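Engineer: when you get a sec, could you give me coordinates for this:
(one chain, ligands or ions: 1)
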Amino acid sequence: MKDLKFTRLLCGLILLLATWRGADVLAQAQLPSIDGQIADSEYAHRYWAEAIGMELHWTIEGEYIYIGLRGPTLGWVSVGWNPTGAIKEGADIIIGYLRGGELFLQDYFANTSISHLNDVSLGGRDDVLESSGSEVAGAQPQTTIEFRRRLETNDKFDRPIAPGAQTVLLAYSPYDDFVSYHGEKRTVVTINFFAGGAQEAGLFARPRALGSDQLLQSWLWTVLTGIAMIVGLSVAYLLWPGKKT
Ligand code: HEM
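Structural biologist: Modelled structure (predicted):
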């Protein structure tokens, strides 16, 4: 009798363990695989930036975000989020391209409105945990990158991915490097990574450089400094002691 009870308990335990392991394996199977290919419905969310033909895919799982990005180019593709200043200043940026079949992908920080430096060179970390990519040449070129990182990395050159609307920047260029200008191939979108909604924000909607108040102020200062210089020089000329000789 005792043996039977023990056998039942053991069977119960094994069943429980198998169910739990099964659920875990199922959950793993539903996560995007970072293999350089974005399959239909691989990710939980998708945004199609029609104006530039770029696709952004993402899935949040626990403390991680999985991102897939595809652009119609053989050069770099990039996604950035949470700029704090004009254009892209202060944004967390990931740029990737393929050369000779090899993926070059780095974690960047937009140190000014139009430039970026990689986190490592700034004294931070490259917080991409895994990445992969592929490209397809031909009449309709395509570059795909996929990566995984923590939502919050605690690196001061990264910006957290948090609930609520966040400004997201997308861009690509035809060049295999981390520095070439994208020209018109860029767009801005507001995305709620957690809820999954995305809304085209429009170009030129965010500050470009100085606000109109600041522009007026700097213009006034320039004019006043000019007037002060002219008056000062005229007075100095008139009062100059050796002027008559
Ligand atoms: C590689 C060097 C880069 C240079 C020299 C550069 C330069 C510029 C300049 C001059 C502008 C303003 C003019 C315009 O709208 O085109 C701009 C806008 C923009 N850039 Fe870049 N950029 C670079 C990389 C990037 C990267 C990596 C991203 C990342 C996604 C990006 C995203 C954007 C976006 C979304 C705008 C439009 C912003 C708006 O309209 O609010 N740029 N960039």
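
Engineer: residue 75 and residue 173: what is the separation?
Structural biologist: Distance of residue 75 to residue 173, computed by Cβ to Cβ, to the nearest Å: 5 Å. Glycine gets a C-beta too; all of them are placed from N, C-alpha and C.

Engineer: touching both of the two, which residues are there?
Structural biologist: Counting by Cβ atoms under 8 Å, 6 or more residues apart in numbering, the contacts common to residue 75 and residue 173 are residue 180.

Engineer: what parts of this protein come near the ligand?
Structural biologist: Proximity of the chain to the ligand (Cβ under 6 Å from any ligand atom) is limited to residues 78-80, 87-88, 93, 95, 114, 169-171, 179-182, 186-188, 203-204, 206.

Engineer: show me which of those residues are buried.
Structural biologist: Among the residues of the chain next to the ligand, those classed as buried by neighbour count (16 or more other Cβ atoms under 10 Å) are 78-80, 87-88, 93, 95, 169-171, 182, 186-188, 206.

Engineer: how is this protein divided into domains?
Structural biologist: Residue ranges for the structural domains of the chain, counted by automatic domain parsing, are given in the record as 1-30, 34-200.

Engineer: so can I have a markdown table of these showing distance to residue 223 and mean pLDDT?
Structural biologist: A markdown table is the format used below for the domains of the chain (distance: least, Cβ to Cβ, whole Å; pLDDT from 0 to 100):
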| stretch | distance to residue 223 | mean pLDDT |
| --- | --- | --- |
| domain 1-30 | 63 | 53 |
| domain 34-200 | 24 | 97 |
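
Engineer: can you tell me the SS state at residue 221?
Structural biologist: Each residue gets one of three states, and residue 221 gets helix by DSSP: H, G, I helix; E, B strand; the rest coil.

Engineer: one step back: looking at the domains of the chain, which is closest to residue 221?
Structural biologist: Nearest of those to residue 221, taken as Cβ to Cβ: domain 34-200 at 19.7 Å.

Engineer: could you single out the most deeply buried of the domains of the chain?
Structural biologist: With neighbours taken as mean count of other Cβ atoms under 10 Å, these reach their highest mean count in domain 34-200, at a mean of 18.

Engineer: this structure: helices as residue ranges?
Structural biologist: Secondary structure of the chain, counting by DSSP state H: helices at 2-30, 212-239.

Engineer: show me what the residue sitting nearest the centre point of the chain is bridged to.
Structural biologist: For the chain, the residue whose C-alpha lies nearest the mean C-alpha position (Cα atoms, centre = their mean) is residue 80; its distance is 1.8 Å. Residue 80 forms beta bridges with residue 93, residue 169, as assigned by DSSP bridges.

Engineer: residue 83 touches residue 110, doesn't it?
Structural biologist: Yes. Under the criterion of Cβ atoms under 8 Å, residue 83 lies in contact with residue 110, with a separation of 6.5 Å.

Engineer: overlap of the contact sets of those two?
Structural biologist: With contacts defined as Cβ under 8 Å, 6+ apart, the residues shared by residue 83 and residue 110 are 89-91.

Engineer: closest to the ligand among the residues you listed?
Structural biologist: Taking Cβ to the nearest ligand atom as the measure, the ligand sits nearest to residue 91 out of the shared contacts of residue 83 and residue 110, at 7.2 Å.

Engineer: how about the residue nearest to the centre of the chain, what does it touch?
Structural biologist: Taking Cβ under 8 Å, 6+ apart as the definition, contacts of residue 80 comprise 88, 91-94, 108, 110, 168-171.
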